[in-house]
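[1] here is the input, now give the coordinates:
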Amino acid sequence: MTTAVVRALGALAHRAAHAHPEEPCACPPPLVLADRADGTVVRSGPVVAKAHAPGTDGPGLTGRMALASDPCLSGVLLAPLEPRPTALLHDRPVTLWPHGDPVDPDEPDAAPWAEAAALLATLHRTPAPPGLALPPMRGPAKAARAVARMRAARPDDPAAAPVLAAWHRLPPWARGEAAPPAHRRFLCHGDLHLGQLVRHPAPDGPWRLIDLDDAGLGDPAWDLARPAAWYAAGILPPDVWHRFLDGYRAAGGPAVRPGGDPWPELDVPARALSVQTAALALAKSAAEGRTPDEVEQAMVDACARIASLPPELGTGHPS
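    Okay, the predicted model is just below:
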C-alpha cells in the first residue's frame, strides 16, 4: 500500500461523508482499517472506502453489491452507500460503505457467535433475488489459493505434507474444481469469521455481516465450516461451538439437519477450512522466517489426523 492510495481512498470516503466536502471540517485524518492482498480499507468519519483486489471480477462484484443492497436482506447484510463500484484506483474497483463498530477482540466472552449464526441462517433461508446474476460462492476457490500459496512458500517442505495429503482427500467441488451438489445451492457469505460482523449504526445498533467479496451461490455448510474446523481442532471451546450451532438451528438454517449429528453436512467443508487455515499458517510462518505458533500448529495437526483416516470415512466428525 502506498501513501497515495490511502490519500485517494480517504478523499473518496471524505467526499461521500459530507454534503459540501470542499468546506473546512474537523474530521480526523483517514484511518487505515485493513491492508491485505485482497483489499485496502480506509475510513474517513462515518464512511469506509475499500479498494478491492487487483483483477477483481467486475460483474461478480456488482452482483454482490446488488445483493447487499436488496431490501430483503437489509437486516442481515450491511448495505453499501452506492449499489455499484464508484471509482477505479490503479485498476482496482472502489466501493463505499457506512462505518460500523467491529467485534472487540479484547472481549472474547462477548463475541456474538449466536448473532452471527442467526444472521447466517436468515441469509441461507432467503431466496436469491430474481433476475440477479450471482457468481458461485468463492470459499472453495479461496482454499485452493491458500494451498497454492503454501506450495510456493514451502516447496518440497515435509511440513506441508500432511496439509497436502488432507487436501487431496477432499472431493473436487471442495477444491474449487467442480460445482457443489445441485441441491446445495443457497445464498452464502463465503468467508464467515467474527471479523465480518459490525454493529450499525454504531455503537449499539444490530449486528450486520460485511465483506461480500466471496458471497454467492453454494453450499451453506461452508459458512459454518471455519468454527466447525476450529472446534474439531480444539481451538474453539465446545460451549462456544454449541452456542453457534444451536443458534443456527434455532433460526431455521438449512445447512445442517434440525437436530442430531451435524457432521454429515459439515465434514467436507470443515476439512477444507482446516486445510485452508493450515496452508495459510505455513505460508505466513515461512514468509516471516519462524516456526508455526501453537494455534497454527494445531491446524496442521488437524490435517495430519484428517489424512490418517481410512478412505471410507468420508463423512463424520473430523477429529
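[2] show me where this protein has strands.
    Using DSSP state E, the strands of the chain run over 31-36, 39-44, 47-52, 87-89, 92-98, 101-102, 186-188, 197-199, 207-209, 216-218.
[3] by contact count, what packs against the fourth one?
    Going back to what we said before, that points to strand 87-89. Applying 3 or more Cβ pairs under 8 Å, 6 or more residues apart in numbering; DSSP states H and E, we find strand 87-89 packed against helix 3-17, strand 92-98. C-betas here are computed from N, CA, C, even on glycine.
[4] re the thing from before, of the strands of the chain, which shows the lowest average pLDDT?
    Out of those, strand 87-89 stands lowest, with a mean of 88 (criterion: mean pLDDT).
[5] which residues sit against that one?
    Defining contact as Cβ atoms under 8 Å, 6 or more residues apart in numbering, one finds that strand 87-89 is touched by 5, 8-9, 12, 51, 93-94.
[6] which positions within that strand qualify as buried?
    In terms of neighbour count (16 or more other Cβ atoms under 10 Å), strand 87-89 has its buried residues at Leu89.
[7] make TSV out of the contacts of strand 87-89 and add neighbour count and distance to Val76.
    Formatted as TSV, the entries for those read as follows, by neighbours: other Cβ atoms under 10 Å; distance: Cβ to Cβ, whole Å:
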residue	neighbour count	distance to Val76
Val5	17	31
Ala8	19	31
Leu9	27	26
Leu12	24	26
Ala51	27	25
Pro93	21	23
Val94	22	24
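[8] reformat the residues you listed as CSV; add distance to Ile306.
    Putting the contacts of strand 87-89 into CSV (distance: Cβ to Cβ, whole Å) gives the following:
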residue, distance to Ile306
Val5, 40
Ala8, 44
Leu9, 40
Leu12, 44
Ala51, 36
Pro93, 37
Val94, 40
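[9] per-domain residue ranges of the protein.
    According to automatic domain parsing, the chain is divided into the following domains: 3-98, 108-308.
[10] deepest of those, which one?
    Compared across the domains of the chain, domain 108-308 shows the largest average neighbour count, a mean of 19 (mean count of other Cβ atoms under 10 Å).
[11] now do it: distance to the chain's middle.
    In terms of Cα atoms, centre = their mean, to the nearest Å, the centre of domain 108-308 is found 8 Å from the chain centre.
[12] the domains of the chain: lowest mean pLDDT?
    Per-segment mean pLDDT for the domains of the chain reaches its minimum on domain 3-98, at a mean of 91.
[13] can you give me the helices in the stretch 201-319 of the chain?
    For the stretch 201-319 of the chain, helices defined by DSSP state H, counting those that start in this stretch occupy the ranges 222-232, 238-250, 263-287, 294-308.
[14] got a list of what Ala68 touches?
    Under the criterion of Cβ under 8 Å, 6+ apart, the contact partners of Ala68 comprise 77-80, 212.
[15] ok, and the closest non-adjacent residue to it?
    Residue nearest to Ala68 in three dimensions, not counting chain neighbours: Leu77, with 4.5 Å by Cβ to Cβ, 6 or more residues apart in numbering.
[16] does the one you found really touch Leu212, like I thought?
    Yes - Leu77 is within contact range of Leu212, at 6.8 Å (criterion: Cβ atoms under 8 Å).
[17] could you name every residue contacting both of these two?
    67-68.
[18] on that earlier part again, could I get the helices and strands packed on strand 87-89 as JSON lines with distance to Trp241?
    JSON lines is the format used below for those (distance: least, Cβ to Cβ, whole Å):
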{"stretch": "helix 3-17", "distance to Trp241": "37"}
{"stretch": "strand 92-98", "distance to Trp241": "30"}
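[19] out of those, which comes closest to Asp267?
    Proximity of the helices and strands packed on strand 87-89 to Asp267 was assessed by Cβ to Cβ; the nearest stretch is strand 92-98, lying at 34.8 Å.
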